[in-house]
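**Student:** below: sequence and its predicted model.
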Amino acid sequence: MSFDLLNILLFLPLLGAAVVFIGGTLNKQPAFIKGLALAVSLLPLAVNLYMLALYDWQLPSGNYQFFGSVNWIDSLGITYTVGLDGLSMPLVFLTSLLTPLVVLLSYDEHKDLRTFFTLLLLLECGLIGVFVALDFFLFYLFWELVLIPMYFLILGWGGPRRRYAAIKFFIYTHVASLVMLVGIFAIVIWNFQQTGIFTFDFVAISEMLRSGGVSLPLNLQYLIFPALFFGFAVKIPTVPFHTWLPDAHVEAPTGGSVFLAAVMLKMGGYGLVRFAFGLMPEAAVHYALPMAVLGIISMLWGAVLALAQDDLKKMIAYSSVSHMGLLLFGMAMLQERAFNGAVLQMFAHGLISAMLFMVCGILQHSVGTRRIGDLGGVASVLPRLSAITVFTFFASVGLPGLLGFIPELQVFLGAFSVNKLLTVIAMLSMIVTAAYYLWALERAYFGQPSADLQEKKPHDLQWFQTVPLLVLGVLVLVLGVWPAPITDMVAQGTGYIIDLLGGVR
Amino acid sequence: MLGYFWLIPLPVLVTLLLTLLLGKKLGLKSAWLGMCGTVLSFCLALACAPAVFAGESASLSFTWFDNLQFGFLLDKLSLILLLLVAFLATLILLYAYGYMEHESGLLRFFAEVQLFVFSMLSVVLADNLLQAFIFWEIMGLCSYLLIGFWFFKPSAAAAAKKAFLVTRVGDVVMLVGIILLFDMFGSVEYSVMLSQAAAGNYDEFWLTIATLCIFGGVIGKSAQFPLHVWLPDAMEGPTPVSALIHAATMVKAGIYLCARLFPLFALTPKTTDFMLIIGTVTALGTALMAVVNRDFKRILAFSTLSQLGFMVVSLGALNYVAAILHLVNHAFFKALLFMGAGSAIHGTGTNDIYEMGGLLKYQKVTGLTILCATVSIAGLPPFAGFWSKDEILLAAYLAAPPVFWLLALTSLLTAFYMFRLFFVVFCGPKRGDYHGHESSVPMIAPLVVLSFFALGSGALTQPITVLLTGHTHSASTHLPMIVSIFAVIIGIGLSAAVYLFNVFSADKAAKAAAPLHKLLLNRYYIDRLYEKISYWFAVRFAELADVIDKYVIDGLVNLVARVNLGLATFCRWFDYYVVDGLIRGFCFVVSGFGGYMRRYASGGLQGYLALVLGGVFVLLLVAIGGVSLL
């Protein structure tokens, strides 16, 4: 039953994509396509909420729920194995929540709605697949599947330099994926040599590693770990592999950006925890310090670069680099609280960055520009949008009471007991983060509106823009005030990995 | 009743939500809604008072997430602050009802003020440092939003940003301190930390660092040197905000926190020495700036800085009771001064004290209530300010005599600049062309109420001292008191001589000390230094980083792409001209030869016959040749 539920959740979006494509071909009325897409995208969310209701919070860490495994391509040892735990559930929820919101937000899109929504739903399928797949081959399949709709979203609905951005995005992350694939093959082949079973089944391999009392030989780990790390680090993205991100964001349509920042970046973090840390704890400990340093560099470098940007969206893109640095830093500290904070950061940043790109896209759509230099006084003209922008920016700054603060607190609190100096350096980013957001607010939103802006009489928030922002805003506020549900879930998901890391150290 | 003490901040939260829902319709009436909340909170606090003052305390805590606690603690210290905050908030909301009459954006204003009051009450009620920090930050947000209330004014927007960022620096330092304390004691609950410290379970070096970091947060929020720069600019906000947040309550949160953690500070003499220095520098340095400034509200802001410096000195001198006493008194008279300033500014339409003059004729109530506050802040006996300042001076004298003498000088300056303010604004000839009129009743009423407190809250000195320490206070030496009284009288006398009787001209004095005057007017160039630094960092350095990112890091990525593209182009060339070229060359040769041969396959019979004959002829020749060779 529960396995079926997960299958439904995974393939509903795929089915939905087909329905929207066919429906959109038969009836070209935009209103019809929009309504259809919204209805279809709400279904997975409903299933997901039902699964949340069924979710077992007491299950010991390291066990999967809604788990199921079916042989798929026997000759190659490829299985269809899926399951959820506290690590993946928040991210799956994030994906299924964001899809209807993005569909709603894109109600003012004009260009080829049918294909646009079809691609969004395909993207959803790929993303959910990445988070639920527990077979290396299946994981890789979904991992690559995600690239395709996103590539076409950027290419078809993007800004002026979309060709460059789309190709850069595709090739960069694809090359990284290939390196990762080599690592995966190495693991699979090693497993074959040990057990004589050729399988891509992650659960079987990790069971073997955990209960069999064997671990990957160290020299092999030290080789495979960087390969996987590179694949994930490009996705996260970590400085110095981050330069595809600002370009992709600047050119991507708002809906694409939301998915890109909120969910796709999390694929890297998720993969790092689940596969790299989970299978090779010794290597994770071995490479902890360089990873922590990379994380700190990302935090500070991203923040400083955000300060330099004139394009609001590019600023937010760099802020993502900075916030994802916290993720890497927190994980690399190998400390329970910091590790949980890092994993929670994926979810928190998912919600907040979605809001950030939404407000930014609405502004662009309403005013026609996102260049800070051309803006000014937006708050006088668009009071409601500006109010929610201030909320969003402060959520991203990490204001206590909002969700953005919780992972920061966990990471710093945990990391401090491991390495005081590094933690204090990392905390400097808190100041720079506040600086670029407030500076942007001052220049773009406050002050006198230009005569041009006043004349234009831009649209303030419309209902289909307000609803997504409100839903996300309420979540950010409620979970910021009462984070126990999400922190408990994360702790349930990470517990066994922390045990592994602890056992190694 | 005491069991329900955690309800104290809730009425304000409820009215905040109601304001958010109904504010659009209510408009100015939101003020009354807000007052309902604060009055209710005040009453709740008051209901707890008998039990708490009798020595009971109440606490409540539960797990927030992970193993972090969320809890509330009500004891004498927090109750005093709660009463003070709720009381002042009520008066200030009433005042705002009059002051904000012609403004738009009232929903925003009242919601933000109430959020502020709620978080201030929660800071006071928190039973652990982390929770205090959380609400401390939310207060910072409210401060930011309210300073920037008139966000369309570039100066207000800049001031708001400056306030948040400068305090953010302090806050991050404070968070480091909190985390350090958490690391040391395993909890940041006050009771746990204090009992652990009392039991000696600490490392002095790290405790010193931790208290220094906590004090770093206080430097930010309570605007001490070198992070004092944001407070004068914060006066860009509406006057009720300046009175509530930037004079009476938020800037005192740091003092409260230090008093809360007093036993920890008492264990770290290096930190308290540092506090003495910072407090003295701030008190004296800002009082000097107040002397030369012309802006009504900014003079008051500098004065707030200076008085906060007194409180910090008091903490550094290990007398937190005096700091709390001064905190209470200062809250009364400074709130009064700010509201009076708002009334005067409302009546004259200018902030420049030299454009006012003779205002007493038009604003009798405002003028007289401000006089009450002025004598109180100046420290004239027997009014409120005298008592607490005397306590502080005594503490300073006992701790470090040089600090005492500098503070005595500051007292003199305080009396001087406050009476300068009063004389220039309310006495003498009318200097600007304003149509003076008294402000409306809602604005005046709080002034009158507060003037009683400003004059008489000295009577609270003994009760509060008894409450907090358990015994009455007796001075071991009267020298500080005598010195301070002299200083005050000299200050007032000088001020009167210059600004009331024109015995000598202030302008001449300014010219005589021109470099000093310029230095003070420019706030010691500290603001400009910070602007330079932040410009270099935010613009120059960030641009450099951007260039590096674009041309070095991304340049490498693009280089890899280009090398690949070049390689691909070469392969294409090679493929086209070499690999394919060979094949095509072969084809060319074959087809060329074929084309040539085609001529001989023309289809004409004569041609074929000729070829056959030719062939036969050749064969014959070969045969003949072969035979002859044989």
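**Tutor:** Here it is on my side, so go on.
**Student:** from here on, contacts and neighbour counts on C-alpha atoms
**Tutor:** Noted.
**Student:** which element is residue 491 on?
**Tutor:** Just so you know, I chose chain A. Mapping A:Ala491 onto the secondary structure by DSSP states H and E places it in helix A:484-504.
**Student:** chain B, not that one
**Tutor:** For B:Gly491, the host element (DSSP H and E) is helix B:479-495.
**Student:** need the residues that contact that helix.
**Tutor:** The contact list for helix B:479-495 (Cα atoms under 8 Å, 6 or more residues apart in numbering or on different chains) reads B:378-381, B:390, B:393-394, B:397, B:404, B:408-409, B:411-417, B:419-420.
**Student:** pLDDT of the next helix or strand after it, averaged?
**Tutor:** Following the chain from helix B:479-495 toward its C-terminal end, the next helix or strand by DSSP H and E is helix B:506-512. Model confidence over helix B:506-512 averages 84 on the pLDDT scale.
**Student:** neighbouring contacts of the very next helix or strand once past helix B:506-512?
**Tutor:** Along the chain past helix B:506-512, the next helix or strand (assigned with DSSP H and E) turns out to be helix B:514-521. Applying Cα under 8 Å, 6+ apart, the external contacts of helix B:514-521 come out as B:288-289, B:292-293, B:510-511, B:525.
**Student:** so how far is helix B:514-521 from its chain's centroid?
**Tutor:** Here helix B:514-521 is found 27 Å from its chain centre; the criterion is Cα atoms, centre = their mean, to the nearest Å.
**Student:** what does stretch A:59-67 give?
**Tutor:** Between the mean C-alpha point of stretch A:59-67 and the mean C-alpha point of its chain there is a distance of 22 Å (Cα atoms, centre = their mean).
**Student:** and the contacts of helix B:514-521, which two are the farthest apart?
**Tutor:** The two members of those with the most space between them (Cα to Cα) are B:Lys511 and B:Tyr525, at 19.2 Å.
**Student:** taking the contacts of helix B:514-521 one by one, which sit in helices?
**Tutor:** Where these overlap with helices, as defined by DSSP state H, the overlap consists of B:288-289, B:292, B:510-511.
**Student:** for residue 144, what are its contacts?
**Tutor:** As the question left the chain open, I've gone with chain A. Applying Cα under 8 Å, 6+ apart as the definition, the contact partners of A:Glu144 turn out to be A:174, A:177.
**Student:** should've been chain B
**Tutor:** Applying Cα under 8 Å, 6+ apart to B:Tyr144 gives the contacts B:160-161, B:163-164.
**Student:** which other residues reach the helix holding A:Ala491?
**Tutor:** Judged by Cα under 8 Å, 6+ apart, the contacts made with helix A:484-504 from elsewhere in the structure are A:57, A:59-62, A:85-88, A:90, A:273, A:277-278, A:281-282, A:284-285, A:334-336, A:339-340, A:343-344, A:479, B:64-66.
**Student:** quick one, strands of the chain?
**Tutor:** Just so you know, I chose chain A. Assigned strands in chain A, in chain order: A:65-73, A:78-84 (criterion: DSSP state E).
**Student:** please refer instead to chain B.
**Tutor:** B:58-65, B:68-74.
**Student:** buried deepest among those, which one?
**Tutor:** Between the strands of chain B, strand B:68-74 has the highest mean count of neighbours, a mean of 20, where neighbours are mean count of other Cα atoms under 10 Å in any protein chain shown.
**Student:** got the contact list for the residue in chain A positioned nearest to chain B?
**Tutor:** Residue nearest to chain B within chain A (Cα to the nearest Cα): A:Gly447, separated by 4.0 Å. When contacts are counted by Cα under 8 Å, 6+ apart, A:Gly447 is found next to A:376-377, B:151-154, B:157.
**Student:** rerun at 10 Å
**Tutor:** A:Gly447 is in contact with A:375-380, A:441, B:148, B:150-158, counting by Cα atoms under 10 Å, 6 or more residues apart in numbering or on different chains.
**Student:** what's the answer for A:Gly77, then?
**Tutor:** For A:Gly77, the contact set (Cα under 10 Å, 6+ apart) comprises A:71, A:135, A:137, A:188, A:197-201.
**Student:** same question, B:Leu529
**Tutor:** Counted by Cα under 10 Å, 6+ apart, B:Leu529 has contacts B:Tyr535.
**Student:** pLDDT score for the closest residue to A:Ala176 other than its chain neighbours?
**Tutor:** Setting aside the residues directly before and after it, A:Ala176 is nearest to A:Gly231 in space (Cα to Cα, 6 or more residues apart in numbering or on different chains), at 4.3 Å. According to the predicted model, the pLDDT of A:Gly231 comes to 93.
**Student:** same question, B:Ser440
**Tutor:** B:Ser440 carries a pLDDT score of 88 in this model.
**Student:** minimum distance to chain A, which residue of chain B gives it?
**Tutor:** Proximity of chain B to chain A (Cα to the nearest Cα) peaks at B:Phe152, 4.0 Å away.
**Student:** what distance do you get for the nearest residue to that residue once chain neighbours are set aside to B:Asp233?
**Tutor:** Spatial nearest neighbour of B:Phe152, excluding adjacent residues (Cα to Cα, 6+ apart): A:Gly447 at 4.0 Å. From A:Gly447 over to B:Asp233 the distance is 16 Å, taken as Cα to Cα, to the nearest Å.
**Student:** and if you look at B:Ile624?
**Tutor:** When Cα to Cα is the yardstick, B:Ile624 and B:Asp233 sit 123 Å from each other.
**Student:** and what of A:Phe464?
**Tutor:** Note on A:Phe464: its distance to B:Asp233, by Cα to Cα, is 40 Å.
**Student:** more crowded one of these two?
**Tutor:** Here A:Phe464 and B:Asp233 are compared on neighbour count by other Cα atoms under 10 Å in any protein chain shown; more neighbours surround B:Asp233, at 20 against 16.
**Student:** check contacts around the closest residue to B:Lys161 other than its chain neighbours.
**Tutor:** In space, and not counting its chain neighbours, B:Lys161 is closest to A:Leu438: 6.0 Å by Cα to Cα, 6+ apart. In this structure, A:Leu438 makes contact with A:390, A:393-394, A:397, A:432, A:444-445, B:144, B:157-158, B:160-162, B:164-165, judged by Cα under 10 Å, 6+ apart.
**Student:** just flag the most distant two among the residues you listed.
**Tutor:** A:Val432 and A:Tyr445 (19.2 Å).
**Student:** so what's A:Arg370 up against?
**Tutor:** Contact criterion Cα under 10 Å, 6+ apart gives A:310-314, A:360-364, A:444 as the residues in contact with A:Arg370.
**Student:** number of residues surrounding the nearest residue to A:Val70 once chain neighbours are set aside?
**Tutor:** Closest residue to A:Val70 in three dimensions, ignoring its sequence neighbours and counting by Cα to Cα, 6+ apart: A:Tyr80, at 5.1 Å. By the criterion of other Cα under 10 Å, A:Tyr80 has 19 neighbours.
**Student:** and if you look at B:Leu359?
**Tutor:** The criterion is other Cα under 10 Å. On that basis, B:Leu359 has 27 neighbouring residues.
**Student:** from B:Pro446, how far off is it?
**Tutor:** On the measure of Cα to Cα, B:Leu359 and B:Pro446 end up 19 Å apart.
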